[in-house]
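**Q** Could you work out the structure for the sequence below:
(2 chains)
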Amino acid sequence: MFTSFANRITGVVMSVGLLVLVYWLMSVASGTAAYTRAIATLSLPIFKLLYAALLFTFSYHLVAGIRHLVWDTGRGMERHQSQKSAWVVIIVSVLLTIAFIYWAFCPGAHQS
Amino acid sequence: MSLRSPLGRVLGAGSAKEGVHHWWMQRLTSIALVPLTIWFLVSLLTLPSFEHVTVISWIAQSWTALLLILFILVATWHSQLGVRVVIEDYVHGGAKTLTLVLITFIHALVAAAGVFAVLKVAFGSAS
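**A** Next comes the predicted model:
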């Protein structure tokens, strides 16, 4: 039950992420001056926090979504199976998040 | 006196036969988003920098532009389907309709803006 609800929350967070993505793309398309201003905003700590959050919500929503797709084929719906897969979803998504955050934020990975 | 026909009253507000379509599109878009989101994230994380020239030359590549447009369209579609269900479950009364209209418009705007921005960069009018 919890994992399905979490799938909704993480999805809504990524809908907000889409807004930020399109704001970034529009700034890319609006010339260097506009892009520089946008990057100043997008580099604020609050946005870095959002990127970290998005890396988690993406990892979770991806793994949990695949679990839902497997359910749609009629597989894995027994109680003991779904309890086990819930743990798989949590563990795999946390590991993915750690890997992504390390990749995105480790020193020297990116200039900005 | 009501303008509603007696037959309409008897049949009530039954299925508009759109439920399966919503369910099916949700699945189709989620399957498509598995490779698209992974491609997008890996591409972003492997960009050498986020300087304007670098980002422009990345987006201007044909395959990047094509996949970015696909990603934006499928992601906003999937988002619209998902957010709609959340609103239908948690918002009630008149606010529900208003929120649904707003959310649909915002998603259309986001999709159009994203595609427009990518095309503008891809066709070389962004520097």
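**Q** how about the helices of chain A, start to end?
**A** Counting by DSSP state H, the segments of chain A that form helices are A:2-29, A:32-42, A:45-72, A:79-105.
**Q** and the angle from the second one to helix A:45-72?
**A** Just to be clear, that refers to helix A:32-42. Here helix A:32-42 points in a direction 80 degrees away from that of helix A:45-72 (axes from the mean of the first three to the mean of the last three Cα atoms, to 10 degrees).
**Q** right, and residue B:104 touches residue B:80 too?
**A** Yes. Residue B:104 is within contact range of residue B:80, at 6.4 Å (criterion: Cβ atoms under 8 Å). In short, each C-beta sits where N, CA and C put it, glycine included.
**Q** Just want to know which of those two has more residues nearby.
**A** residue B:80 (20 against 13; other Cβ atoms under 10 Å in any protein chain shown).
**Q** what's the closest non-adjacent residue to that one?
**A** Ranked by Cβ to Cβ, 6 or more residues apart in numbering or on different chains and with sequence neighbours excluded, the top spatial neighbour of residue B:80 is residue B:107, at 4.1 Å.
**Q** what's the answer for residue B:62, then?
**A** Closest to residue B:62 by Cβ to Cβ, 6+ apart is residue B:122, at 7.5 Å.
**Q** And for the one you found, the neighbour number?
**A** Residue B:122: 20 neighbours (other Cβ under 10 Å).
**Q** Those residues of chain B touching chain A, which are they?
**A** B:27, B:30-31, B:33-34, B:37-38, B:41, B:45, B:47, B:49-52, B:55-56, B:59, B:68, B:72, B:75-76, B:79, B:82-83, B:85-86, B:110, B:113-114, B:116-118, B:120-121, B:125-127 (Cβ under 8 Å from any Cβ of the partner chain).
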